[in-house]
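heads up, no residue letters with this:
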DNA sequence: TGATAATTGTTATGGACCATATCAAATATC
DNA sequence: GATATTTGATATGGTCCATAACAATTATCA
């Protein structure tokens, strides 16, 4: 290739930086230019997702619920009596990886596995009383501390539009 | 708690399912109800992000570039002469984890580390000629096969609105 | 019916990604 | 010039994701 190691062809562009990045004359650290990166959907999407999860975890710190755990509780509440395979697959979680997740929820007495009498292979999932109570509190925290910030930031209409577009991507892309 | 193991309190709600989930009378598998889950920003955001990355990888299969690798090439092209710490940090990658990523790009002759003469600790990053050529091809693939699908799916105006809102979340949340 | 195939939950395992501690070399600070 | 800081790097552990394989149970069907 054409790049000589330990070379220092200095000064060519405004974004040049080959001689002392810090500050040519005791200036600022000079922030980088994102350029086309800020137009890449995947990049922005990932960063936004990380921020949202981060905020979610902070809001849920008192209940110690991760986004995945919360989604399981929500889905089991809405669909009581389903087995592990059904709950896991609709969440995009592979059965092997769902076991430890459930072990955790069950050890905390939030969810229970009940061996089905019809198909004794499968475990039917149900929320415990404690699980229902925790989920109720979790929903309130999410609504008041998490989703509400989105409304402040984007506005109600925009927030709904965002959700609609993301759903479209998730389902039709 | 109050859940009896191996219990089968059948029939109570429309979403009941304690007796034979498959099909009570040879019906369909009965899809689960997502319920409030489809209103959770984090949930939809994560699923959309996975779909977008998945599509990105397919579009880039011929060039074998991951989203992270692509973002590094883009950033180095836009900011030639910066060192590893600077490139990594603006991408949210920790320096230790950036080493292997760069090793990969350098071994494929897409990017080069050049020891700076000003600060002999740091490695200045530059795209090789091959790296520039590959990046050019990558940009075309992304534009024609990846981002274009977003326009088809959402429309130009909506796509821009989506990007704007995600950026706002990524930066101000 | 009984032999075979399929399903369910589970374990084991490996890979990718992320985070922290630590190190040597080089530089900055005082 | 002694000490602290920075840079790239290694080692390591954690979490998440994916595959193979297994025992128990059920479905299939000759």
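Alright, I've got the coordinates. The structure presented is a predicted model; accordingly, all values stated were derived computationally and were not measured. Numbering: from 1, shown residues only, chains lettered A, B, ... in the order given.

which ones are touching the residue nearest to residue A:97 when sequence neighbours are not counted?
Nearest residue to residue A:97 in three dimensions, chain neighbours excluded: residue A:88, at 7.8 Å (C-beta to C-beta, 6 or more residues apart in numbering or on different chains). (Glycine included, C-beta is placed from N, CA and C.) If you count contacts by C-beta atoms under 8 Å, 6 or more residues apart in numbering or on different chains, residue A:88 has them with A:94-95, A:97-98.

What of residue A:52?
Going by C-beta under 8 Å, 6+ apart, residue A:52 touches B:41-42, B:45, B:169, B:173.

So which of those sit within helices?
B:41-42, B:45, B:169 (DSSP state H).

Around DNA strand D, pick out the residues from chain A.
By C-beta under 7 Å from any atom of the strand, the residues of chain A that approach DNA strand D are A:66, A:68, A:93-94, A:96-97, A:118-121.

what do you get if the cut-off is 6 Å, keeping everything else the same?
A:66, A:94, A:96-97, A:119-121 (C-beta under 6 Å from any atom of the strand).

For chain A, which segments count as strands?
A:111-115, A:123-127 (DSSP state E).

which helices and strands sit right next to the last one?
Read it as strand A:123-127. Here strand A:123-127 touches helix A:67-78, helix A:84-90, strand A:111-115, going by 3 or more C-beta pairs under 8 Å, 6 or more residues apart in numbering or on different chains; DSSP states H and E.

got a list of what the residue nearest to the spatial centre of chain A touches?
The residue lying closest to the centre of chain A (C-alpha atoms, centre = their mean) is residue A:53, at 4.2 Å. Residue A:53 sits next to A:67, B:42, B:46 when contact means C-beta under 8 Å, 6+ apart.

cool, residue A:139 as well?
residue B:36.

How about stretch A:140-147 and chain B, any contact?
Yes. Using C-beta under 8 Å from any C-beta of the partner chain, stretch A:140-147 reaches chain B at A:142, A:146-147.

Same check on stretch A:156-173?
Yes. Judged by C-beta under 8 Å from any C-beta, stretch A:156-173 and chain B are in contact via A:158-159, A:161-163, A:165-170, A:172-173.

Can you tell me what sits against that stretch?
In contact with stretch A:156-173 (C-beta under 8 Å, 6+ apart) are residues A:147, A:150-151, A:154, B:38-39, B:41, B:44-45, B:47-48, B:50-52, B:55, B:149-150, B:153-154, B:158, B:161-162, B:165-166.

in that stretch, what's buried?
Neighbour-count burial for stretch A:156-173, with 16 or more other C-beta atoms under 10 Å in any protein chain shown as criterion, is recorded at A:158-159, A:161-163, A:165-170, A:173.

same thing with stretch A:41-55?
Buried, per 16+ other C-beta under 10 Å, within stretch A:41-55: A:41-53, A:55.

I'd like those as TSV, with pLDDT and distance to DNA strand C appended.
Listed next are the buried residues of stretch A:41-55 as TSV, based on pLDDT from 0 to 100; distance: C-beta to the nearest atom of the strand, whole Å:
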residue	pLDDT	distance to DNA strand C
A:41	96	17
A:42	97	12
A:43	98	12
A:44	98	14
A:45	98	13
A:46	98	8
A:47	98	10
A:48	98	14
A:49	98	10
A:50	98	8
A:51	97	12
A:52	97	14
A:53	98	10
A:55	97	14
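
Now do the same for the closest residue to residue A:123 other than its chain neighbours: its pLDDT.
Closest residue to residue A:123 apart from its sequence neighbours, by C-beta to C-beta, 6+ apart: residue A:113 at 4.0 Å. Residue A:113 carries a pLDDT value of 98.

Tell me what residue A:113 is bridged to.
Beta-bridge pairing for residue A:113 (DSSP bridges): residue A:125.

quick one: contacts for it?
Taking C-beta under 8 Å, 6+ apart, one finds A:84, A:102, A:106, A:123-125 in contact with residue A:113.

For DNA strand C, tell me which of these show up nearby.
A:84, A:102, A:123.

which residues touch residue A:73?
Residue A:73 neighbours (C-beta under 8 Å, 6+ apart): A:65, A:105, A:110-111, A:127, A:131, A:134-135, A:138.

Please list only the buried members of those.
A:65, A:105, A:110-111, A:127, A:131, A:134-135, A:138.

Now distance to residue B:60 too, for these, in JSON lines please.
Converted to JSON lines, the buried ones among the contacts of residue A:73 look like this (distance: C-beta to C-beta, whole Å):
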{"residue": "A:65", "distance to residue B:60": "35"}
{"residue": "A:105", "distance to residue B:60": "37"}
{"residue": "A:110", "distance to residue B:60": "41"}
{"residue": "A:111", "distance to residue B:60": "40"}
{"residue": "A:127", "distance to residue B:60": "42"}
{"residue": "A:131", "distance to residue B:60": "42"}
{"residue": "A:134", "distance to residue B:60": "42"}
{"residue": "A:135", "distance to residue B:60": "40"}
{"residue": "A:138", "distance to residue B:60": "38"}
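
What is the nearest of those residues to DNA strand D?
Of all those, residue A:65 has the smallest distance to DNA strand D: 11.2 Å, by C-beta to the nearest atom of the strand.

What count of nearby residues applies to residue A:121?
9 (other C-beta atoms under 10 Å in any protein chain shown).
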